[in-house]
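Chemist: structural data only, the sequence is not supplied:
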């Protein structure tokens with residue numbers, strides 16, 4: 001139910017344009033070998049694959065830190081060996097999320113804005129190079145952005161349904177609850193969205209004397225069940241219901257392992273103001289060219305103010321949910337062991353800049369209102385229709401220039417991923433061919449390695465995870481560390497890791513086949529077992 005009905009022609013145009021942009025970005029990413037630039041994207045595919053392809057298949061393979069929904073969606077796709085190896089499995093859900101998010105932001109804009117201003121909102125959002133690149137990867141941001149937008153769309157529709165005194169609002173409680181549960185199981189930001197949105201629904205119903213709504217209380221079970229499931233899963237699998245927060249792979253544990261004694265771990269550490277500035281700047285860099293970032297922020301604030309004045313009584317206040325990433329990440333950077341590094345400020349590096357993409361829907365919607373304010377002013381002083389069209393065309397040109405400038409500068413999320421993969425690329429080019437050569441003479445030979453270090457090595461070698469013994473194999477892995485040659489035909493050890501230590505402690509039956517090295521990375525040794533049963 002939208003305040004401004006959207007015609008079928010509008011939807012067809014939106015779908016066609018966004019699909020074209022998505023396909024173009026996927027083709028570019030494929031041709032440039034960028035689908036798997038992010039180490040996290042490779043890890044997401046690896047986790048999804050091992051749920052069925054492992055010595056102990058099942059949902060206990062989901063791990064303890066990353067939330068499960070993105071991996072569950074990938075399960076059927078990563079079973080195709082080629083898609084697992086080349087990253088296509090990750091493209092499919094991310095691209096679909098991008099298309100759904102684009103449709104959602106246009107629908108949200110059309111609730112309050114005429115077609116021209118709504119089209120500018122969509123153009124800014126859907127043409128963003130950072131988002132277009134991320135939707136070609138297995139990263140979780142496109143899915144979460146989609147969930148966040150549609151939660152807002154349905155919340156606004158639900159609130160309008162209450163005013164219309166129809167059953168429509170009550171029927172929307174179930175899809176809202178489902179999307180909130182999905183967001184909770186996608187990213188931890190979703191926990192805060194659910195903690196704010198669902199009680200707000202309850203307060204609104206209470207003020208109208210409708211808190212006894214059966215649909216509300218039944219749907220509440222679904223919302224509560226999502227975080228409860230994650231607590232129970234962590235308790236049952238790892239013996240600690242907060243393992244995702246304080247376990248060995250948690251952000252806090254990583255911060256403690258990597259911090260230099262006597263120095264703050266990162267800018268913004270225990271400083272909410274600096275953390276806030278870093279996140280806002282990351283959001284600017286993800287949405288606009290470097291020189292235009294502050295202009296984008298000012299126009300967004302202007303548009304948000306205009307939205308409050310003109311659309312507050314039409315439930316635009318519910319769209320403030322789109323700005324939630326600002327306080328969430330300001331707190332997370334300051335106190336949640338979530339660093340953000342920017343190329344323009346000390347330490348002049350790229351790390352977690354992609355979190356800023358979550359502000360893109362808020363920027364786009366606010367810019368739509370700013371554009372509408374300008375178009376209204378033009379119509380006031382130049383009533384002829386052509387002047388408003390000229391003004392809209394100018395906005396569209398500016399959006400296009402921003403895209404061109406961002407591409408020339410290279411989107412920070414692309415640079416961030418590329419810098420990560422550059423360090424591992426030599427190993428992914430050299431180690432799989434060496435393993436295939438060995439496997440040709442010893443088909444079915446088992447490989448002992450820590451797959452979380454670089455799981456793409458297994459995929460590119462062309463063997464299933466069941467043909468490895470890795471850190472997720474529990475007692476198999478521990479037994480193999482005690483006698484590497486007796487359990488594996490081949491052993492891949494990164495200098496200093498558990499397997500490297502095991503090889504030095506128990507070298508009997510192992511022969512060094514080849515060593516590999518890459519700048520800034522620990523050296524890798526490939527051993528062959530002399531034991532017939534290995």
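Modeler: Cool, got the structure. It should be emphasised that the depicted structure is a prediction, and the values quoted were computed from it without experimental measurement.
Chemist: helices or strands up against the lowest-mean-pLDDT helix or strand in the chain?
Modeler: Every helix and strand of the chain was ranked by mean pLDDT, DSSP states H and E. The lowest is helix 251-258, at a mean of 77. Helix 251-258 is packed against helix 243-246, with contacts defined by 3 or more C-beta pairs under 8 Å, 6 or more residues apart in numbering; DSSP states H and E. In this view, the C-beta of every residue, glycine as well, is placed from N, C-alpha and C.
Chemist: which helices and strands does the helix it packs on pack with?
Modeler: Against helix 243-246 (3+ C-beta pairs under 8 Å, 6+ apart) you get helix 214-238, helix 251-258.
Chemist: rewinding a little: contacts for the least confident helix or strand of the chain, please.
Modeler: Here helix 251-258 makes contact (C-beta atoms under 8 Å, 6 or more residues apart in numbering) with 65, 245-247, 265, 336-339.
Chemist: highest mean neighbour count out of the helices and strands packed on helix 243-246?
Modeler: helix 214-238 (a mean of 16; mean count of other C-beta atoms under 10 Å).
Chemist: which other residues reach that helix?
Modeler: With C-beta under 8 Å, 6+ apart, helix 214-238 has contacts from 59-60, 62, 64, 67-68, 170-171, 173-174, 176-178, 180-182, 184-185, 191, 194, 198, 201-202, 205, 240-244, 247.
Chemist: give me that answer again for 6 Å
Modeler: 60, 64, 170, 173-174, 177, 180-181, 184-185, 194, 198, 241, 243-244 (C-beta atoms under 6 Å, 6 or more residues apart in numbering).
Chemist: out of these, which end up buried?
Modeler: 60, 64, 170, 173, 177, 180-181, 184-185, 194, 198, 243-244 (16 or more other C-beta atoms under 10 Å).
Chemist: least reliable of the helices and strands packed on helix 243-246 going by mean pLDDT?
Modeler: Ranked by mean pLDDT, these bottom out at helix 251-258, with a mean of 77.
Chemist: so which elements touch the top helix by length along the chain?
Modeler: Assignment by DSSP state H gives helix 412-441 as the longest helix of the chain. Applying 3 or more C-beta pairs under 6 Å, 6 or more residues apart in numbering; DSSP states H and E, we find helix 412-441 packed against helix 129-134, helix 456-461, strand 510-516.
Chemist: same thing but at 7 Å, please
Modeler: helix 129-134, helix 272-287, helix 456-461, strand 510-516, strand 524-529 (3 or more C-beta pairs under 7 Å, 6 or more residues apart in numbering; DSSP states H and E).
Chemist: give the buried residues for it.
Modeler: Quick answer for helix 412-441 (16+ other C-beta under 10 Å): 412-414, 416-418, 420-421, 424, 427-428, 430-432, 434-435, 438-439.
Chemist: with stretch 450-465 instead?
Modeler: Quick answer for stretch 450-465 (16+ other C-beta under 10 Å): 450-461, 463, 465.
Chemist: again with stretch 280-299
Modeler: Quick answer for stretch 280-299 (16+ other C-beta under 10 Å): 280-289, 292-293, 296-297, 299.
Chemist: roughly how far is it from the heart of the chain?
Modeler: Relative to its chain's centre, stretch 280-299 lies at 20 Å (C-alpha atoms, centre = their mean, to the nearest Å).
Chemist: who's in contact with that stretch?
Modeler: 128, 130, 326, 340, 342, 344, 353, 355-357, 359-360, 363, 367, 370, 402, 405-406, 409, 412-413 (C-beta atoms under 7 Å, 6 or more residues apart in numbering).
Chemist: one more pass at 8 Å, please.
Modeler: 128, 130, 325-326, 340, 342, 344-345, 352-360, 363, 366-367, 370, 402, 405-406, 409, 411-413.
Chemist: now do stretch 467-480
Modeler: By C-beta under 8 Å, 6+ apart, stretch 467-480 touches 50, 54-56, 61, 444-452, 458, 487-488, 498, 502.
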